[in-house]
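[1] Task: produce atomic coordinates for the following.
(one chain, ligands or ions: 1)
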Amino acid sequence: MILRPITPDDVEALQDLIESDPGYTERVTGYPPGPADAQSLLMMRPENLPEESKVVLGAFTDNRLVAVVDLLRGFPREQTAHIGLLEVHWNHQGVGHGRATYQLVEQYVETTWPEIETMRLAIVDTNAHVATGFWKRQGFEPTGEERPYRYDKLESTVRIYEKPLGQKSRS
Ligand SMILES: CC(C)(COP(=O)(O)OP(=O)(O)OC[C@H]1O[C@@H](n2cnc3c(N)ncnc32)[C@H](O)[C@@H]1OP(=O)(O)O)[C@@H](O)C(=O)NCCC(=O)NCCS
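    Residues are numbered from 1 along each chain as shown. Predicted structure coming up:
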């Protein structure tokens with residue numbers, strides 16, 4: 001598996017990946033995937049975060065996109081990298097690609113963003129049954145930080161999880 005930034009040539013494969021698991025999008029937005037979701041994923045970033053601090057990486061096996069990762073450098077603190085999304089293509093879930101992708105993400109962060117000390121992410125309660133077990137397995141723990149989550153009509157709660165770098169995942 002190789003991990004590299006998504007290019008304009010990968011947008012169709014990225015859209016296909018997003019559409020392969022409509023349940024995920026529905027759980028966090030209340031709606032099925034829309035036709036511009038791949039483009040939106042590439043463009044969306046928090047206000048005030050410089051464009052070069054966001055990277056969308058693809059995990060490829062045999063030149064096929066099997067997973068996507070949205071990664072923010074220095075958000076919300078200088079020494080923290082925030083994972084906005086890690087999604088594995090529906091046809092390839094449950095066989096270790098999520099774990100392999102995350103391991104490559106840590107390597108990417110450690111080698112290209114040397115100031116980062118902590119990996120961070122937010123789990124929406126409506127997706128917790130899918131995400132929490134996976135992230136705990138990768139060594140993430142809840143910080144206790146939580147806040148209301150709202151996406152149009154969907155109301156839930158997000159809980160923050162972190163993992164210090166320089167620490168192995170549980171195996
Ligand atoms: C969550 C997700 C990325 C996991 O990817 P995956 O490729 O299916 O997971 P893997 O096969 O690599 O599993 C890695 C480990 O996590 C464990 N795991 C995965 N999902 C789990 C769950 N819901 N509960 C408990 N453990 C889980 C696996 O058993 C495996 O354990 P092991 O290392 O002992 O073998 C995938 O289900 C997905 O893309 N879901 C939709 C998007 C999403 O919810 N992303 C997370 C929010 S950002």
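[2] Contacts only, for the spatially most central residue of the chain.
    Nearest to the geometric centre of the chain sits Leu85, at 2.0 Å (CA atoms, centre = their mean). Residues in contact with Leu85 (CB atoms under 8 Å, 6 or more residues apart in numbering) are Leu41, Val68, Val69, Asp70. C-beta coordinates here come from the backbone N, C-alpha and C atoms, glycine included.
[3] Equivalent analysis for Met1, please.
    Counting by CB under 8 Å, 6+ apart, Met1 has contacts Ala59, Phe60, Thr61, Val66, His97, Ala100, Thr101, Leu104.
[4] quick one: which of the residues you listed is nearest the ligand?
    Nearest to the ligand among these is His97, at 4.2 Å by CB to the nearest ligand atom.
[5] wait, isn't that closest one in contact with Val66?
    Yes. Look at His97 against Val66 with CB atoms under 8 Å: they come within range, at 5.1 Å.
[6] So which of those two has more stuff around it?
    Val66 (22 against 17; other CB atoms under 10 Å).
[7] any idea whether the residue nearest to the centre of the chain is helix, strand or coil?
    Secondary structure, DSSP: H, G, I helix; E, B strand; the rest coil: Leu85 is strand.
[8] cool, the one 10 residues further on as well?
    Recorded secondary structure, Val95: coil (three-state DSSP).
[9] Around the ligand, pick out the residues from this structure.
    21, 24, 85-88, 93-99, 127, 130-131, 133-134, 137 (CB under 6 Å from any ligand atom).
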